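Novice: I need the structure of the sequence given here:
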Amino acid sequence: MHGVFYSSSFFDIFDTMLHAAPQITHNLHHPAQKSYAIIVAGGSGTRMQSAVPKQFLPVNNLPVLMHTLLAFSKSQYTPNLIVVLPDSHHDYWAQLCNQHAFSMPHELVSGGPTRFHSVKNGLKLVPDDALVAVHDAVRPLTDPIIIDAAYKQAGIQGAVVVAVKSRDSVRQVKGPFTQSLVRDEIYLVQTPQTFKASLLKASYEHPYHESFTDDASVAEYAGHTVHIVEGSYQNFKITFPEDIAIAELLLKQ
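Specialist: Numbers count the residues shown, from 1 in each chain. Reported below is the predicted structural model:
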């Protein structure tokens, strides 16, 4: 009989994630501002060692991207959902939606050559007076409470990212030298990254630059201050084969 063997380190990681969710509570009943969520799904299956793009891989019998959309559908902000996919994936996504009877309303937008261009395409559907979250399609374990907290703070501060403190010591490499950084000052950035739409749309009017690694870097380049909302270690990005197994266990909790 063949089975899957999980090392002790696998269970250590799982136990840490299971007990590391932040305790976030807030009262939110009737968000006044219209909200949108752009789900960026341009990844490939290269590091997953899979021919199927990772956003389409099954987790507990449902494609990763569908889990992500379901998480946003539970937000009290009830955002309008925009999915950005390469043109070559549109037909396959339609097949998956039909196969799983997935009828959640969402707009489908064509991706661009980079994440920057893909997000910019999605922003064309977002009005200036709204709030907009940009999220990686392969982060299916985002807590709706965190999504709501990000929308709330974006409405107040304009630009926020979800992030968690580094749990490891960090060193910066400069040529042949390294130097220790203060761990308590280091945050690991996740998504959603949430903004007043007018701020983000104006930021994306700048020409593409290779230093743009995410939406916060685009906003910062445009001169805006980016604030932090506490995230969760469970909100990891599915990248490697073992991530699927961890996600399945967490979703069953």
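
Novice: ok, residue 119 to residue 212 distance?
Specialist: According to Cβ to Cβ, to the nearest Å, residue 119 stands 10 Å off from residue 212. Bear in mind the C-beta positions are built from the backbone N, C-alpha and C, glycine included.

Novice: same question, residue 80
Specialist: For residue 80, the distance to residue 212 - Cβ to Cβ - is 25 Å.

Novice: quick one, which of residue 119 and residue 212 is more surrounded?
Specialist: Taking other Cβ atoms under 10 Å, residue 119 and residue 212 do not tie; residue 119 has more neighbours (26 against 21).

Novice: tell me what the nearest residue to the more buried one once chain neighbours are set aside is bridged to.
Specialist: Of all residues not flanking residue 119 in the chain, residue 134 sits nearest, at 5.7 Å (Cβ to Cβ, 6 or more residues apart in numbering). Note on residue 134: beta-bridge partners residue 38, residue 193, judged by DSSP bridges.

Novice: and the helices in the stretch 101-250 of the chain?
Specialist: Using DSSP state H, counting those that start in this stretch, the helices assigned to the stretch 101-250 of the chain run over residues 115-123, 144-157, 197-203, 215-221, 241-251.

Novice: which elements pack onto the first one?
Specialist: Put plainly, it is helix 115-123. strand 35-40, strand 80-85, strand 107-110, strand 131-136, helix 197-203 (3 or more Cβ pairs under 8 Å, 6 or more residues apart in numbering; DSSP states H and E).

Novice: who's in contact with residue 114?
Specialist: Contacts for residue 114 were tallied using Cβ atoms under 8 Å, 6 or more residues apart in numbering; they are residue 208.

Novice: I'd like the distance between it and residue 209.
Specialist: From residue 114 to residue 209 the distance is 11 Å (Cβ to Cβ).
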